[in-house]
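*Asks:* could you work out the structure for the sequence below:
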Amino acid sequence: MNAAAILNHLWQSTVFAGVAAMVAWALRNNAARVRFAVWLAASLKFLVPFSALAAVGGMVPWPPAERVATPALMAASQPWQLILLPAPAYTAPEAGANPWLLALVGIWLLGSACLALRWWMRWRRLTRLAREATPQPPVGALPVRTTAAAIEPGIFGVFRPVLLLPTHLEGRLTPAQLAAVLAHERCHARRRDNLWSALHMAVETMFWFHPFVWWIGGKLVTERERACDEVVLRQGGDPAAYAGGILQVCRYYVEFPLVCAAGVSGGALKQRIAAILDGAWGRNLSRPRQLLLAALAVVAILGPVAAGLVARQAPPHATPNSAPSFEVVSIRPSAPEGATFGWRLDPTRLTARDVTLRFLVLEAYDLGDFQLSGGPGWFNKDHFDIVAVASTPADPKTMMLMLQRALADSFHLCLRTDTREGVVYSLDVLPGGPKLGAASGGFKLPPVVAMSGVDLPPVVGGTYNLYHTNSKGVTVKITSALLRGHQATAADLAQALASELRHPVLDRTGINAKFDFTLKFATDTTAGDPSDPSLSTALRETLGFTLESGKGPNPVTVVVQAERPKLM
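*Replies:* The predicted model follows:
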């Protein structure tokens, strides 16, 4: 999850908490258990990004003939869906941003670690108390233990709760007071309040910096205690005895040190005592309010799922409203036999012969073969002849944007970007400095240009040539064990190496000057001269560069949808 996705999740969760607060206020005269459920939903929202629900919607199969997406629906779905964009070029992060990013991550990790350690130490203390406590006859199915520690009576444990009682509790409460307090604790156990509180503790540990998280935590404690108060009163508990029992507990015993150990004294005690003595409890929800609350829950869950489904129906463009486009695009199936691969970019025309959609996507989005995943079975099997004509001359970069628009319109192409952990290489300069030759002329493309990612039959000698022209118009010629560049930058070299290594290569050289290079090296996939050096050795000896491997994010473009075009 990148920084933009994290910020998206935070503001969405903040808005959700604000809506939950308004709903809880509207239900202030209703049962506390309903308000507790509303606040619990606001807490759990921090653990469930809307983009995850949108991803579920994106996986729902949908017949192509029933496309329902409109521009309005697409615009409405944008805040919730996965980012459906062309995969950006993989470049090294800005050096100046790294310290700030590392500092923020370090502060967040330190805060989470301190909070987790605090919870763990308190949990360990209560675990020891519960283990050393004396077993007593159970209350119904609830195990009971007594302890000499001066803690209030309460439920401890998440999945196997135990009622912990202080040793001298019976001598300090009347039978009516004790019965009311025990009824309160049994209600906590039935409601599984410790489980919900433990989940919110996880939210607090992960999002400790967000003030709404702590505000929600206080509301959860208040509403859970009021919910148990209402149960005790509904079961016929004497209000005076019940209030007196709570006050006696507060007089002699200290509150439980853990949020997920439910006692009797928490949650706006003064207001609780006043409500108990008044004998008032919240009203049940009316049928209209039940329907309204159910509708809000459905919208909160299914809304992002529907947004993901809508986003899947229409292919994205690099710039949806203003992307350049060809005036005429002709797509025909290639001849079954005797087809000859061809690829040419002229200022006003793009011509491709015997190409697959996979090849077109690789070139349109300037991707290496290893950076594209997914697609239907015909994606890399069906071959097409394409002629696209522009109304005005365009540079190669603009031509690729126009090709992206043509692919979206003709093939209903829909892509998304994922990030996966994997091998990442770094291209850097040796301490002695680079060994670069100035760019020169004399390197020309043949009439028919082949691009990277296309399997061509080998020529004599077991090698073949690949010419790669990226969106910047820079040409790199690749042979089986020979990498040549003309007027290329270090970033262009890193891109070519990424295609060879099938992993991202970060350009950390800081070199912007253009140069020519020729690298001869041994590969594992082609037959070459046994005396050829390895790629890393060739880089060191020829260019003065070093290539180091490590672990890091690998951006991958995933084909979400592609449809065969309707050919005339």
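*Asks:* okay, the host helix or strand of Asn194 in CSV with CA atoms only?
*Replies:* Here Asn194, judged by DSSP states H and E, is contained in helix 193-206. Output of helix 193-206 as CSV, limited to C-alpha atoms (Å, rounded to 0.1, in the frame of the first residue of the first chain):
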residue,chain,number,x,y,z
ASP,A,193,-17.3,-7.3,24.9
ASN,A,194,-13.7,-8.3,25.5
LEU,A,195,-13.4,-9.5,21.9
TRP,A,196,-14.7,-6.3,20.5
SER,A,197,-12.5,-4.3,22.8
ALA,A,198,-9.4,-6.3,21.8
LEU,A,199,-10.1,-5.5,18.1
HIS,A,200,-10.3,-1.8,19.0
MET,A,201,-7.0,-2.2,20.9
ALA,A,202,-5.5,-3.4,17.6
VAL,A,203,-6.9,-0.3,15.9
GLU,A,204,-5.4,1.9,18.6
THR,A,205,-2.0,0.2,18.2
MET,A,206,-1.9,0.7,14.4
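*Asks:* buried set for the helix or strand following that helix?
*Replies:* Moving toward the C-terminus from helix 193-206, the first helix or strand encountered (DSSP H and E) is helix 211-234. The neighbour-count criterion (16 or more other CB atoms under 10 Å) identifies 212-213, 216-217, 219-233 as the buried residues of helix 211-234. No exception for glycine: its C-beta is placed from N, CA and C like everyone else's.
*Asks:* buried stuff in the longest helix seen in the chain?
*Replies:* As assigned by DSSP state H, the longest helix anywhere in the chain is helix 97-132. For helix 97-132, burial by neighbour count (16+ other CB under 10 Å) applies to Ser112, Ala116, Trp119, Arg122, Trp123, Leu126, Leu129, Ala130.
*Asks:* packing partners for it?
*Replies:* When contacts are defined as 3 or more CB pairs under 8 Å, 6 or more residues apart in numbering; DSSP states H and E, helix 97-132 packs onto strand 142-147, strand 162-166, helix 193-206.
*Asks:* please repeat the previous calculation with a cut-off of 7 Å.
*Replies:* If you count contacts as 3 or more CB pairs under 7 Å, 6 or more residues apart in numbering; DSSP states H and E, helix 97-132 packs onto strand 162-166, helix 193-206.
*Asks:* angle of the first one against helix 97-132?
*Replies:* Same thing as strand 162-166. Interaxial angle of strand 162-166 relative to helix 97-132 (axes from the mean of the first three to the mean of the last three CA atoms, to 10 degrees): 70 degrees.
*Asks:* next helix or strand past strand 162-166?
*Replies:* helix 169-172.
*Asks:* pLDDT averaged over that following helix - what is it?
*Replies:* The predicted model assigns helix 169-172 a mean pLDDT of 84.
*Asks:* contact partners for the nearest residue to Pro138 once chain neighbours are set aside?
*Replies:* Of all residues not flanking Pro138 in the chain, Val144 sits nearest, at 5.6 Å (CB to CB, 6 or more residues apart in numbering). By CB atoms under 7 Å, 6 or more residues apart in numbering, the residues touching Val144 are Gln136, Pro137, Pro138, Leu163, Leu165.
*Asks:* which among those gets closest to Arg33?
*Replies:* Comparing the contacts of Val144 against Arg33 with CB to CB places Leu163 closest, at 20.8 Å.
*Asks:* which residues does that closest one bridge with?
*Replies:* Note on Leu163: beta-bridge partners Val144, Ile155, judged by DSSP bridges.
*Asks:* got the angle for the longest helix of the chain vs strand 142-147?
*Replies:* 90 degrees.
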